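> Sharing a model prediction with you, sequence too.
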Amino acid sequence: MKMKTVLLVLLTIAGTIAGLQFAGCQSIGATSARTWAAEKVYVAPGEHDKYYGFLSGGQSGSVFVVGIPSGRLIREVPIFEPRAAVGYAVHPNDPRRKELEATGGAWGDTHHPVPSETNGVYDGKYLWINDLANGRVARVRLDVFETDKIVKIPNMQGAHGIAALSPNTKYIFVNGEFEQPTDGLVTNPDPYTSVVAFLDPESMAVKFQVRVNGNIDIADSSKDGRYAFSTVYNLEQGKDADAMFQYDRDAVVAIDVPAAEKAVAEGKARIQNGVPVIDPKEVPGVMTLIPVPKNPHGINATPDGKYVIASGKLSPTVTIIDAKTLKIVAEPEVGLGPLHTTFDNRGNAFTSLFLDSQVVKWDIDKAIAGAADYIVDRIDVHYNIGHLQAVGGETMDPKGDYLLALNKLSKDQYLPVGPELPEAQELIDISGEKMRMLLAFPTPPEPHDAVFMPAETLRGKVKQTFDLAPEAIAEGKESVMRTGPKLVKVNMTLIRSAYTPHQLDVREGDEVTLTITNVETIRDMTHGFALPDHSLNIALPPGATKTITFTAGKPGVYWYYCTNFCSALHLEMRGRMVVHPKDRTLTLTDWSPAQNVKGKAIPGVPSTGAER
Ligand code: CUK
Ligand code: CUA
Ligand code: CA
C-alpha cells in the first residue's frame, strides 16, 4: 500500500510536470485524467481517509479494513481463522479457537459485512458477518475492531445472505443457502428446505426461523423494518446446476416480520433444535412469494425506502418491487449477468454486470416510467465484477461520491504472481453524470462485499486501550501457584520491557493456566507472548487480559518473548519457562529467584517450593 501511495505521488508529480511542459502539444486529456484521478485518491502521509471500508475476506475468513479513497489497508480483523499476526485463536486451547472448532472449524468464508444501524444509518457499534461454509455468524466490536461473538445457527447449512432489520437493527437475519431435510433427520433427506434465521443483535440468540422452499441467497431489509427480503434461485429444488435453471422465474420472498413475531407468540411455530420454526404454509401471511426472473441474486432496498431491486443474474433485467405493496413496478434491461445494485443520493442505481464486466448506472424513476433513456452510463471493470457498493448505498444516507467494484478476476492488471492472479477492487468516482475510474488495489482472496462508514461515525468511539477485565492481573499481584499435583496457575503482567514473572519452573506434562494482562496505559503499546514449541502465540494490546491453558512440553528451557516491537529493549523483553523432568521434586532451590527486572518478588513462589 505504501508503494501504491508512492506511485500515486510520482504519478501526480509526473502528471503535473507533463502538463506544464507539454501543454498544447501532447495528449493532455489522458495526462490530466490521470492527475485528476490520482488527486482524488491521494491521501498524504499522516492524513486520514474519509471513510472506513470494511471488505469481506471471503475464504480468508476475515474482514479487511481499508481507508477510502486511498485503498490503504489499515487492519485485518481475523474472525473464522487463526491469525498469528494478532495472536488470534492460535493455540488449540485458546478459548476462541475452541469456540471455532466447536461451531464448525477453524476456517470460514465471509461474504457480507453488516453494520448496526440506528435511524437507518450506521451507528458504529457492531459489524456482523456470515460464514457461508459453516452456518455461522460473527460479530465484530467496532470500538476495538475485534471479533466478539460467534454463533452457530441451528437448522441451517451455509449462512449466506445477511442483513440488519432497518432502521434500528431489531434483528440480524441470515439466509441458509444449502437446504436441509425439513424434519431435521438424515433418515429422510427429502423434502428439504432452507430457513431464514432472525437473531437478536445483542445476545445473538436465534429468536425464530422461517422455512423457505428453494435455496435462499441474498438478503436486505425494507427501510421501515416491515419486511425481510431474500432472493430464491432454486424454486425448482434441483440438486444440480441444470435442474436449477428450469423455471423462467424464481422468487423474491418477503417475510412480514411483525406477522412472523405474532405467529411465534401464538405458538404457531414448531420447535426444532431449540428454535421456533415457522412454516409459512401453515401460517398464511408470514411470507409472500414475488416471482422474478431468473435465478435472481442480489436484493437491495432503495435509500428512500420505496423499492427493492432484485438483480436477474440469468436474466438481463432487474426487477423493481414496490417495498410496501410488494407489486412489481418495472423490469428494465440493464445488461448481462446483473448481480447486485447500489445507490447514490440522486435517484440513480448502479448494477454490477458479471458477464459484461461492467457497472451500469441507471435512473430509477425513468426506468419505472418506461423512458427510453433510463441508462445513464456504463463503465468497464477488470474483470468479472461480483458485488459493488457505493458509500452509504445500503443506508438512508447515501453519499454519492465513491463506488467500489469488487472483481473476481484481475487478469493482466498486476505483475504476475504464479498461475493464480490477485483479486482486485476498483474505486470509481460517481459524483458526476459519467462514472470515472480512480484506483485499483488488490486484497488477499477473495473480495466479496464491502460497506463504508464515514470516519466521523467512529470518531471518539474507537478505544485507546482495553477496559480492564474482572480477571485482569494488577502490577504487584503477579503470582505462580501450584494448585494441584500437575496444575500450575500463573498470573502475569507485561510492561516495557519485562514479563513478571520472568521465570516459570514447571514439570513436563504440567497443565499451566496462564492469565496475562498488558498493564500498559499507552495506546498501541502491544506486547506479545510467544512460547516456542508450544504452539502458543498471544498478542495483548494495552489493557487486554487473556487466559490460556497449555501443557508443558519436553524438559528444556523455553524462552517466551515479545512478538510486537515495543521499545529499544523489545528483543530483551523475554523470560524463560524451565520444564523440569516429570519426576523431579521442585524444592525451593530449584526455583529461580523469581525477581523481575524491576526487582519485585513474586508472591506465591516460595510457598510452592514445599510441594510433593
Ligand atoms: S455473493 Cu456470496 S457467493 Cu455476496 Cu454476490 Cu456471490
Ligand atoms: Cu513488548 Cu516487544
Ligand atoms: Ca431457478
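Sure, I can see it. Ligands and ions are numbered 1, 2, ... in the order given.

> strands paired with the strand ranked longest in the chain, and their directions?
In the chain, taking DSSP state E as the definition, the longest strand is strand 121-131. Strand 121-131 sits in its sheet next to strand 114-118 (antiparallel), strand 136-141 (antiparallel), going by DSSP bridges.

> tell me which residues in the longest one are buried?
Meaning strand 136-141. For strand 136-141, a neighbour-count test (16 or more other CB atoms under 10 Å) marks R136, V137, A138, R139, V140 as buried. C-betas here are computed from N, CA, C, even on glycine.

> what's the answer for stretch 47-65, then?
Per 16+ other CB under 10 Å, stretch 47-65 contains these buried residues: 49-65.

> For E520, which non-adjacent residue is spatially closest?
P542 (4.1 Å; CB to CB, 6 or more residues apart in numbering).

> my bad, should have said A424
S410 (4.3 Å).

> Over to V144?
K463 (5.5 Å).

> Please verify my assumption that that neighbour contacts R141.
No - between K463 and R141 there is no contact under CB atoms under 8 Å: 9.1 Å.

> Which parts of this structure are helices?
2-21, 28-41, 95-102, 241-244, 257-265, 364-369, 455-458, 605-608 (DSSP state H).

> So which bits of the fifth one are buried?
Burial within helix 257-265, assessed by neighbour count using 16+ other CB under 10 Å, is assigned to V257, A259, A260, E261, A263, V264.

> Can you give me the neighbour number for the residue lying closest to P189 once chain neighbours are set aside?
The spatially closest residue to P189, leaving aside those adjacent along the chain, is P181, at 5.2 Å (CB to CB, 6+ apart). Residues lying near P181 (other CB atoms under 10 Å) number 15.

> how near is P181 to N155?
10 Å (CB to CB, to the nearest Å).

> same question, T118
In terms of CB to CB, T118 sits 30 Å off from N155.

> and what of I516?
39 Å.

> do the same with A455
Distance of A455 to N155, given as CB to CB: 40 Å.

> And those two? Which one has more around it.
Neighbour tally, A455 and N155, criterion other CB under 10 Å: the higher count belongs to N155, 22 against 13.

> Residue in the stretch 1-150 of the chain with the shortest distance to ligand 2?
G87 (12.3 Å; CB to the nearest ligand atom).

> doesn't G238 make contact with G214?
No - taking contacts as CB under 8 Å, G214 lies outside contact range of G238: 9.2 Å.

> neighbour count winner among those two?
Each of G214 and G238 has its neighbours counted (other CB under 10 Å); G214 has more, 23 against 15.

> ok now do the more buried one, which residues does it touch?
E179, S194, V232, Y233, N234, L235, E236, Q237, D250, A251 (CB atoms under 8 Å, 6 or more residues apart in numbering).

> What confidence value was assigned to it?
Looking at G214, its pLDDT stands at 85.

> And F22, by the same measure?
For F22, the pLDDT comes out at 38.

> what residues does this structure put near ligand 3?
Proximity of the chain to ligand 3 (CB under 5 Å from the ion) is limited to residues M244, D250, N295.

> By pLDDT, give me the weakest of the residues you listed.
M244 (92).

> May I ask you to confirm that it is in contact with Y233?
Yes - here M244 reaches Y233: they are 6.7 Å apart, a contact under CB under 8 Å.

> which residues do the two both contact?
Counting by CB under 8 Å, 6+ apart, the common neighbours of M244 and Y233 are N215, N295.

> which of the two has more neighbours?
Taking neighbours as other CB under 10 Å, M244 and Y233 compare with Y233 leading, 23 against 19.

> contacting residues for that one?
Listed by CB under 8 Å, 6+ apart, the contact set of Y233 reads G214, N215, D217, M244, D250, N295, P296, H297, K313.
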